[in-house]
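Participant: Fold the following for me, if possible:
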Amino acid sequence: MANVRDLKKDINYVLGDIIEAVYVWEYSNTDKDTKKSEAIIDEAIETFDELIAKVNAKNVENAKAHFKAINQELEDKGRALIDKINKLG
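Facilitator: So this is what the prediction gives:
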């Protein structure tokens, strides 16, 4: 497992790229309603806050398992958000 700093960078990059993809979609589809896309951005920001809070938690028993679970959660939630972007129409 990489260090905490790298995990925080991964969280930032993944969710930042997802938000950027939504902005690109909105820019490319100016004629479409943005309520669903804005909800994806809000969900990405909420996910970011949750994961960073988990990374910063100090009272964990097994740090390696804790960070591995956070990494897996980032991957799962990131894929779910990407699927939502792909379904925007």
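Participant: where's Val24 relative to Asp17, distance?
Facilitator: Here the criterion is Cβ to Cβ, to the nearest Å. By it, Val24 lies 10 Å from Asp17. In short, each C-beta sits where N, CA and C put it, glycine included.
Participant: ah, wrong one, I meant Asn62
Facilitator: For Asn62 relative to Asp17 (Cβ to Cβ), the value is 30 Å.
Participant: In terms of neighbours, single out the busier of those two.
Facilitator: Ranked by neighbour count (other Cβ atoms under 10 Å), Asn62 and Asp17 place Asp17 first, with 13 against 9.
Participant: helix or strand for the more buried one, which one?
Facilitator: Using DSSP states H and E, Asp17 maps to helix 4-28.
Participant: helices and strands around that helix, which ones?
Facilitator: The contact analysis (3 or more Cβ pairs under 8 Å, 6 or more residues apart in numbering; DSSP states H and E) places helix 4-28 against helix 35-55, helix 63-87.
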